[in-house]
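In: Sequence unavailable; structure follows:
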């Protein structure tokens, strides 16, 4: 209520002018502070420390004014695998993200349309419990809660069912895990959005690059937190062999989903330009593969 | 007034036990309950236990609760039928809804059935599943009533989810019920109608008279009847007060009261329902420890019945064994991981369908077989991989199996247990036939080194999948997830399956 009371004409005009100016720039290039970065890579530290440092570099989450907002945090909970196996997002990192937004008085909702039996995945990944304890609402994906979304720029697909809670959110935080995938090459943020897509998902693999970008174009997240703490290098996307996991203790956070994925690919040791879907995404103007000028790299400890 | 309370106690016991049985049934889910094992429903069954032990020639320690029930039967006669049995309770409830018939004649056919089934068990043909009441209860729940109720609940919740007003409430309720009552999605089950119709037939038999099933057919009741014959607890009429009004005989649902001499009780028929004590206007009937040879009627199985039981079971056994079994059909017969060798599996499997119930809460691959694998295979679980797959780290079916037809495997052993092998049909596979990328089978393959690998060919950019049969365990997730319409382009065949060998320790790999 205070906000409304104090909202006088001058402030309105000021914000209207600023807002219009801001809207003319792509949202991920907008920065509240001149010192803020748009893409940060943090090495070392605990999950919570790394995330905190990264978000501070990005200008803090206050730029999203998360108070009272419906925030969807979408980790990868796709597989009935333990955190050490690197197939799902690190539960501690998910918990840290949840706490950050819960502390900012946002309503955080967590879900993923899993590949293995949902209850097994939520349990063994540790994310179900960790997110709930951190204050998020954790729910399973209900097969009747998908809305058919028009894909205006779609090259192959014209519409696809997308999970309603994701569409209705005020703020979407994508929390993929960096890992090998035999078709995508490297699975990261854009691939992780398959967890909000409805069935028949397995048909997306035919003409994968076009179809994936067709669907993600209108549903891009506002923030991507790429978990590269335990990286599954082979036998992805679900792994299972501890030898395939490399401990990298790295987190990449950014506003541009394409830039985050490109940085992730570089970290993984792949040329982002070799990943068809990233090239496709850049060609359609979803983001930039090239490392932005304000890119920051931090090492903790 | 004392016995007036007894009948209430009996009704309370029936409802309480029905509630316990339903709760046990529902507790068979992922994660496996750590307190009370859900298969206790079956393990209290002395008839099923006896038959599978004779048929498999092995002592099955899991049936220890049945031994307790049997000892209780020596003291408390057929009270199991009147106070505990869920099928009996359902029949008593049904009779309050639908008016039953008036026939009271007790039949000795059930003893013939019991003798016949025990004889078949000696011939290593296990048939207890056909008529065991606890099996029928659990099976009807698993294959018919539970899936139907789940569908009903989903119908309501789905409607709620799609109405803006109730959306959040319905969704939260659905989410909350996930943990214990509902599977993620509605269940589809085979033999639903068959199982349901047989159950309805048992209900309709009540049109002949109350508890027709229990009086005429039930082999478990027959077993208790044989024991009850020498049990000390039973009905006693006070000759001082009896006015020979015959009300007790008229109201006995089991026909246990002698039609000529109302003082006499057929101990092997009396289920101690206490109805006679309730209706007696003089309150002249008591149930107590009063073993009196004179107060009960002799049990006569009837020589002719015993002969016909022996004859027909021998004929039945001969048909069972002689019937053609086409091995071609076994191609896709995938038994659950930890299943014992087929012959022993058929000896041990009670067809209680608990494995199918518990599987529906996770991977959802187990379905009942029909007659495609012969009479012997009817209602036995098989993995139907196109509908669901065997979750890599799941060991639930072995944990819930009451008789050890599916052995309980540790997770480490289960992950290496081969239940079949995957074959790719290259004429249907998208990359092989269409030259387009797919990789869905490879992506889902759960073994640490994937059993599905890609063949690289010169000038062929598409990844062509093939199965490394030294790694594949036949979990079937590839068959479930294959995006080809209709029949999957990758299927699990029986080839290579490993079965538990009964009584021999299976070598556990580290």
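Out: Okay, I see it. What you see is a predicted model; the values in this text were computed from it and never measured. Numbers count the residues shown, from 1 in each chain, chains lettered A, B, ... in the order given.
In: any idea which residue sits dead centre in chain A?
Out: residue A:174 (1.7 Å; CA atoms, centre = their mean).
In: That one is in what secondary structure piece?
Out: strand A:171-175 (DSSP states H and E).
In: Surely the residue nearest to the centre of chain A and residue A:193 touch.
Out: Yes: in this structure residue A:174 lies within contact range of residue A:193 using CB atoms under 8 Å: 6.6 Å. For the C-beta atoms, the positions are set from N, CA and C on the backbone; glycine is no exception.
In: tell me, what's touching these two both at once?
Out: A:74, A:221 (CB atoms under 8 Å, 6 or more residues apart in numbering or on different chains).
In: got the residues of chain A near chain B?
Out: A:80, A:115-120, A:123-124, A:139-140, A:142-145, A:181-183, A:200, A:202-203, A:205-208, A:235, A:237-241, A:244 (CB under 8 Å from any CB of the partner chain).
In: Tell me who's in contact with the residue nearest to the residue nearest to the centre of chain A when sequence neighbours are not counted.
Out: Once flanking residues are discounted, residue A:174 sits nearest to residue A:221: 3.9 Å by CB to CB, 6 or more residues apart in numbering or on different chains. The contact partners of residue A:221, taken as CB under 8 Å, 6+ apart, are A:74, A:172-174, A:189, A:193, A:257.
In: Number of residues surrounding the residue of the stretch 251-400 of chain B found nearest chain A?
Out: Of all residues in the stretch 251-400 of chain B, the one sitting closest to chain A is residue B:362 (4.4 Å; CB to the nearest CB). Residues lying near residue B:362 (other CB atoms under 10 Å in any protein chain shown) number 26.
In: Find the helix or strand that it is a member of.
Out: Here residue B:362 is assigned to no helix or strand, by DSSP H and E.
In: Count the neighbours of residue B:370 for me.
Out: Neighbours of residue B:370 (other CB under 10 Å): 14.
In: wait, it sits on residue B:378?
Out: Yes: the criterion here is CB under 8 Å, and residue B:370 meets it with residue B:378 at 6.8 Å.
In: The host helix or strand of residue A:249: which residues count as buried?
Out: Assigned by DSSP H and E, residue A:249 belongs to strand A:245-254. For strand A:245-254, burial by neighbour count (16 or more other CB atoms under 10 Å in any protein chain shown) applies to A:245, A:248-254.
In: want to try CSV for these, with pLDDT as columns?
Out: Below are those laid out as CSV (pLDDT from 0 to 100):
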residue, pLDDT
A:245, 97
A:248, 97
A:249, 97
A:250, 97
A:251, 98
A:252, 98
A:253, 97
A:254, 97
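In: Now for those residues: which two are most distant?
Out: A:245 and A:254 (23.9 Å; CB to CB).
In: re earlier: what about the residue nearest to the centre of chain A, distance to chain B?
Out: Between residue A:174 and chain B the distance is 20 Å, computed by CB to the nearest CB, to the nearest Å.
In: for that residue, what are its contacts?
Out: Counting by CB under 8 Å, 6+ apart, residue A:174 makes contact with A:74, A:189, A:192-193, A:221, A:223-225, A:257.
In: Across the sheet, point out what pairs with it.
Out: Note on residue A:174: beta-bridge partners by DSSP bridges are residue A:74, residue A:224.
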